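Undergrad: Here is my input, please return the structure:
(chains A, B and C)
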Amino acid sequence: MNPVNYLYLAALLFTIGATGVLVRRNAIVVFMCIELMLNACNLSLIAFSRMHGNLDGQIIAFFTMVVAAAEVVVGLAIIVSLFRTRHSASVDDARLMKL
Amino acid sequence: MIALLIAAPLLGAAVLLCGGRRLDRAGHWIGTALAALSFVLGAVLFAGLLGRGAEDRTLVQHLYSWIPVEGFQADVAFRLDQLSITFVLLITGVGSLIHVYSIGYMEHDERRRRFFGYLNLFLAAMLILVLADNYLLLYLGWEGVGLASYLLIGFWQHKPSAATAAKKAFLVNRVGDMGLSIAIMLMFTTFGTFAFTPVLDGVGKTGEGTLTAIALMLLLAACGKSAQVPLQSWLGDAMEGPTPVSALIHAATMVTAGVYLIVRSGAIFNAAPDAQLVVTIVGAVTLLFGAIVGCAKDDIKKALAGSTMSQIGYMVLAAGLGPIGYAFAIMHLVTHGFFKAGLFLGAGSVMHGMNDEVDMRKYGGLRTYMPVTFVTFGLGYLAIIGFPGLSGFFSKDLIIEAAFAKGGTQGWILGGVALLGAGITAFYMTRVMLMTFFGEERWRNLPAASPDQPDVEPAADHGGGVPHPHESPKVMTVPMIVLAFGSVFAGAFFGIGERFVHWLEPVTSFAHGHPPVAAWVVTVATVTVMVLGVGLAWAQYGRRPVPAVAPRGSLLTRAARRDLYQDDFNHVVLVRGGEHLTRSLVYVDHTLVDGVVNGTAAGVGGLSARMRRLQNGFARSYAVSMFGGTALLVAATLLMRAV
Amino acid sequence: MSFPLLTATAVLPALGAVATAAVPAARREAAKWLALLVSLGTLVLAVLVAVRFDPGGARFQLTESYDWIPAFGVRYELGVDGIGVALVLLTAVLIPFIVLAGWHDADPLETQSKRWRPTQGFFALILMVEAMVILSFEATDVFLFYIFFEAMLIPMYFLIGGFGDRAHQGGEEAAATQRSYAAVKFLLYNLAGGLIMLAAVIGLYVAAGSFSLPDILAARADGELTMGTNTERLLFLGFFLAFAVKAPLWPLHTWLPNAMGEATAPVAVLITAVVDKVGTFAMLRFCLGLFPEASKWATPVVLVLALISIVYGALLAVGQRDIKRLVAYASISHFGFIILGVFVMTSQGQSGATLYMVNHGISTAALMLVAGFLISRRGSRLIADYGGVQKVAPVLAGTFLIGGLATLSLPGLAPFVSEFLVLVGAFARYPVVGIIATFGIVLAALYTLVLYQRTMTGPVRPEVAKLPDLRVRELAVAAPLIALLIFLGVYPQPLTDLVNPAVRHTMSDVQQHDPEPEVEAAK
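TA: The predicted structure is shown next:
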């Protein structure tokens, strides 16, 4: 099968993820969308790995998975503590960057 | 020696102005002594010149280099020749006499020391003016006398009218000075120098156009200093100054500096006939202008000021005639220096005895109360109207002859104007004479010295009430007597045998003019016109009583009283216009130029306020801009690749 | 190695500034005397510089050169030519008078605590400015010059913003607002100019490979260095804009009236007589020296702007109601003359411009400081609040008049010499420009005499009836300045001897010759 199709799929997944990050307000959903984008990247890395015939892309994909796992740990912790203090999981309620 | 001549009054000015109150008691004596010393030095130099041959009478003293700059050399150097020594003697002689006179006239003024300081400053500047060996140093003296004149006109500074008159004199003179400075620049670019000898000798090497430009600029300068049309308006107002000042600066010496400038630059004017024509026109117009104004003024000093303007008009006219007129211009200048100074001192003496009243309608019949003043003033009067045998007769008659001698239509017109002027001169001077010394004693019926009279010189105010006319003290009358001698005999002494003309010839060159009619015809015509003028004046002011309040008068009289509306014109066009211009410029500077600056600042501020709103704190909107930016970058990269 | 005299002229006031600032609050008077002593010491050093300088010798003398930032080729390089000596002298002469005139300007009010310290700060800042200005006259490394050119803004900012006239018609609050407005405007305006210059300085390094002015001049003379026409023009504009803001040239002038109006009179003198001179000095040295071709290219525009400055400044001076702002606009007119003299490219014009910088410094100091004495007596800057002062305080009026006469360039006083040289220089190359500039002298007479008439003559106003005449300290400020004005007006040769050789160098930099007189040319 043509590996370019995997790239199309990856681009589609990435776009869905990005749209989700931008559009949704629930922190959990945003978080899942970020994961979706990461996985879209993984998919394209692996597709490239296959196209070029070396293992570099697969190795990087493993790295990404490790980082994503770490991110899930930290991110979920932040969301939980946010929910505890503000009783809401909406990202718009956390506008601490503006004075 | 020449430098010493100038240093004496300069020292006097420095000592008197910086000396403080300690010198109050002796100040006037110091000032007078130094002026007299200067006169003595001048006389010694004169004797020295007489001892030399006619062609060998030019002494140049080079003191030091004033402004040495690449390609530009200005020296402090003095030149003594027949022309300048004539002026030196006139300036220091009349100056010393007026110093003496002022001792009496300014006796009650608490600032007398300063007055003498200014007078000395004036003498020094005037001497620099006439002795300078280059135009730039002449310019120094030129503005120096302007400064002295400014200080002295405004001597009674607490009077707003005096302060305004002083400012006006300085400003109008500055317009003239602009002409002088442009003339010097033109000389520099043309000849590479502005010393007298190279410039005047180099005239032949350049074109007539340049010379005409230089000559016209010099004429502009002369108009400013000598109160010629169109820059004459300051002289009448300058009478706000103390009377000795009017006599010395605004009659005898400073105002004649313009004539000196033209005669000194004769070589330039000779080579620029168009400019000469303009000079004669200016002279002729001023001659009539001053005479007409002089006829209508009731203020004795302003009437004399009009006369001064008119007489200088004669001199300028003569100077415009070229070699046939230069010597006569200077000769009239000297005789005028005598009789006009005498007349002004006489007027001062009258004012001194009349509680500083200047309105001639409030005089009358004063001849018995102040006989010395009457006789000396009378002699000056006879001299100025050109009574045969007195000095004015010789000098003025020669000018009228020379004017006819210009030849052609121009000659007839100029001669006719000069002749007419002589008649008007006789008229207004007779009017002054009759109103002041003859007729009924109008001052007896006056109410107490009117408090609304702004011209009262409070320095010598003896209190109100009916004035008690009295003769002035000796210290004032003696200078008047000396000047009267000069008015009587100077003309004959100079004129007979053309002694004065030959004396000046090496400097000014001389050519005999040939009038279209015989010389005696002109003389007879002049005397006839003079008699006519006197007769007319007698008919109007001698036979009939003079009303104490000025009648409305004809259109011409009213116009003449207002200086032929020239001041009004200046006021409307220059003063008002200038005010509007500066006001609107201030507005423009504030709103437009500064507005652009402040607008830029406000624009930056506003823009950043807008930009701040983008930072709304939503992580998502930041993410949008990140995505957008990345997408743009990627698109740009792809585009670059594609191209 | 010989004694670093040039460094010493700047280090002394800088150290003096630190020492003055460190004087304890209670010993206020000691701080003043210390500042005066230091400024006099600097004057002695400056005179030494002038004595050691040989007008006939090399172009830059008393040079010092050390590596500073070798990575960028920045060197600590000092040296003076005749023009630099003249301006260092001017600065060193004026500062003692400024200190003396400002003796009480920063005293604590009665309501303020005994621990009030700004008195020390005031004098320390003045000395700091002196050090910076002297260094910028002496620096021959372009980058070094840039640093001092910008650094002097900092003390000036505090001097303008921190110290104002005691009595202000709008009350203390309004005074503070207007002061900080003026100070910020001064700072931003000059910083903006400076920033453009910084870009040009870096550009110069790229184009010429060196920051050292003597090296660049030598390379140019040998033909080793050529710049592209456009590069040169852009770099010229970058430098010129910064100097035109500082000078100031129309239409970049609007900060000056605000700054001079709100600052105390001595600080106003510091601005216009000392700090602004760096701008015109730099035009003469850097613009003409580094970019001769571009300077010639820009000449028509610069001349027109200078003419506008002359006439416009004078007209606005006539329309002012505030004494200090009037002097500020008069200064704008005079700066127009200086820039005119620099850019007409004749020796008379450039000698005149250099003398003008010196003479304008002295004459403005005389006029402005005496005006400051007057203002401090009456507590108002408005011309309309005065009248008849001559009767009450004749010495004050006399010195004021002489200052005014110097401003209108009366022959016999120093400014006449320089103004006439500029006019002749302008006329020789561009007659029309010379004639238009001559109108400036009539307008100068107008604003000066109107100012004198409205304040000094006429009936005595009741508010001024009790004004005291000049005190000894004030006379000690006015009299020497006036003596200097008269001396340099009658005998300017010491100055011209200094300046002439330097001008010859500048003229050869721009490869211009004076126009020959018509008569000579015809031969």
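Undergrad: going forward, measure contacts between C-alpha atoms and count neighbours the same way
TA: Fine.
Undergrad: Strands along chain B, start to end?
TA: B:59-69, B:72-80 (DSSP state E).
Undergrad: anything in the shortest one near chain C?
TA: Yes - legend: contact between strand B:72-80 and chain C by C-alpha under 8 Å from any C-alpha of the partner chain is shown at B:Phe72.
Undergrad: Which positions in the longest helix along chain A come out as buried?
TA: Counting residues, the longest helix found in chain A (DSSP state H) is helix A:56-86. For helix A:56-86, a neighbour-count test (16 or more other C-alpha atoms under 10 Å in any protein chain shown) marks A:57-58, A:61, A:64, A:68, A:75, A:79-80, A:82 as buried.
Undergrad: quick one: secondary structure of the residue of the stretch 1-150 of chain C at minimum distance from chain A?
TA: Of all residues in the stretch 1-150 of chain C, the one sitting closest to chain A is C:Glu150 (34.4 Å; C-alpha to the nearest C-alpha). With DSSP: H, G, I helix; E, B strand; the rest coil as the basis, C:Glu150 sits in helix.
Undergrad: Run a quick neighbour tally on the nearest residue to it once chain neighbours are set aside.
TA: In this structure, C:Glu150 finds its nearest non-sequential neighbour in C:Gly194, 6.6 Å apart by C-alpha to C-alpha, 6 or more residues apart in numbering or on different chains. As a burial measure, C:Gly194 scores 23 neighbours (other C-alpha atoms under 10 Å in any protein chain shown).
Undergrad: hang on, isn't C:Gly194 packed against C:Ala151?
TA: No - if you go by C-alpha atoms under 8 Å, C:Gly194 and C:Ala151 don't touch, sitting 10.2 Å apart.
Undergrad: that older thread, next, count neighbours for the residue of the stretch 1-150 of chain C closest to chain A.
TA: Quick note: C:Glu150 (other C-alpha under 10 Å) scores 19 neighbours.
Undergrad: And it, how close does it get to chain B?
TA: Applying C-alpha to the nearest C-alpha, to the nearest Å, the value for C:Glu150 to chain B is 20 Å.
Undergrad: what does A:Thr85 give?
TA: 18 Å.
Undergrad: Report the buried residues of stretch B:607-627.
TA: Buried residues in stretch B:607-627, counted by 16+ other C-alpha under 10 Å: B:617-620, B:624.
Undergrad: And residue 82, what's its pLDDT?
TA: Picked chain A for this. On pLDDT, A:Leu82 comes in at 83.
Undergrad: Switch to chain B, please.
TA: 87.
Undergrad: burial measure for B:Phe393, as a count.
TA: Neighbourhood size, B:Phe393 [other C-alpha under 10 Å]: 25.
Undergrad: C:Arg473 too?
TA: Residue crowding around C:Arg473 was assessed by other C-alpha under 10 Å; the count is 12.
Undergrad: ok, now which ones touch it?
TA: Counting by C-alpha atoms under 8 Å, 6 or more residues apart in numbering or on different chains, C:Arg473 touches C:100-101.
Undergrad: Distance check, it against B:Gly95.
TA: According to C-alpha to C-alpha, to the nearest Å, C:Arg473 and B:Gly95 sit 39 Å apart.
Undergrad: before we move on, what about B:Arg21?
TA: From B:Arg21 across to B:Gly95, the span is 24 Å (C-alpha to C-alpha).
Undergrad: okay but B:Ala238 is in contact with B:Ala169, surely?
TA: Yes - between B:Ala238 and B:Ala169 there is a contact at 6.8 Å, judged by C-alpha under 8 Å.
Undergrad: before we move on, back to that, A strand includes the residue nearest to C:Glu150, no?
TA: No - counting by three-state DSSP, C:Gly194 is not found in a strand; it is helix.
Undergrad: Give me the pLDDT for it.
TA: Looking at C:Gly194, its pLDDT is 90.
Undergrad: got it, and the one 10 residues further on?
TA: Confidence per residue is given as pLDDT, and for C:Leu204 that number is 89.
Undergrad: Quick one: distance of the longest helix of chain A to the chain centre.
TA: Centroid separation for helix A:56-86 versus its chain: 9 Å, with C-alpha atoms, centre = their mean, to the nearest Å.
Undergrad: Just list what that helix packs against, helices and strands only.
TA: Helix A:56-86 is packed against helix A:27-52, with contacts defined by 3 or more C-alpha pairs under 8 Å, 6 or more residues apart in numbering or on different chains; DSSP states H and E.
Undergrad: Okay, buried residues for the helix it packs on please.
TA: A:27-31, A:33-49.
Undergrad: do stretch C:306-326 as well
TA: Here stretch C:306-326 shows C:306-320, C:322-326 as buried, counting by 16+ other C-alpha under 10 Å.
Undergrad: That one and chain B, are they touching?
TA: Yes - Stretch C:306-326 is in contact with chain B by C-alpha under 8 Å from any C-alpha, via C:315-316, C:318-320.
Undergrad: Rebuild these as JSON lines, extending it with pLDDT, secondary structure and distance to B:Phe289.
TA: JSON lines is the format used below for the residues of stretch C:306-326 next to chain B (pLDDT from 0 to 100; DSSP: H, G, I helix; E, B strand; the rest coil; distance: C-alpha to C-alpha, whole Å):
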{"residue": "C:Leu315", "pLDDT": "89", "secondary structure": "helix", "distance to B:Phe289": "33"}
{"residue": "C:Leu316", "pLDDT": "89", "secondary structure": "helix", "distance to B:Phe289": "36"}
{"residue": "C:Val318", "pLDDT": "87", "secondary structure": "helix", "distance to B:Phe289": "32"}
{"residue": "C:Gly319", "pLDDT": "85", "secondary structure": "coil", "distance to B:Phe289": "34"}
{"residue": "C:Gln320", "pLDDT": "86", "secondary structure": "coil", "distance to B:Phe289": "37"}
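Undergrad: which one of these is nearest B:Phe122?
TA: Nearest to B:Phe122 out of those is C:Val318 (C-alpha to C-alpha; 28.3 Å).
Undergrad: neighbours around the closest residue in space to the closest one that isn't next to it in sequence, how many?
TA: In space, C:Val318 comes closest to C:Tyr447 once its chain neighbours are excluded; the distance is 4.7 Å by C-alpha to C-alpha, 6+ apart. When neighbours are defined as other C-alpha under 10 Å, C:Tyr447 has 24 of them.
Undergrad: Pick out the residue of chain B closest to chain A.
TA: B:Gly617 (4.5 Å).
Undergrad: any idea how far the residue nearest to C:Val318 lies from chain A?
TA: 54 Å.
Undergrad: C:Glu518 now?
TA: From C:Glu518 over to chain A the distance is 75 Å, taken as C-alpha to the nearest C-alpha.
Undergrad: burial count for the nearest residue to that residue once chain neighbours are set aside?
TA: Distance criterion C-alpha to C-alpha, 6+ apart; nearest residue to C:Glu518, sequence neighbours excluded, is B:Thr190 at 4.5 Å. Close neighbours of B:Thr190, defined as other C-alpha under 10 Å, add up to 26.
Undergrad: That'll do, ta.
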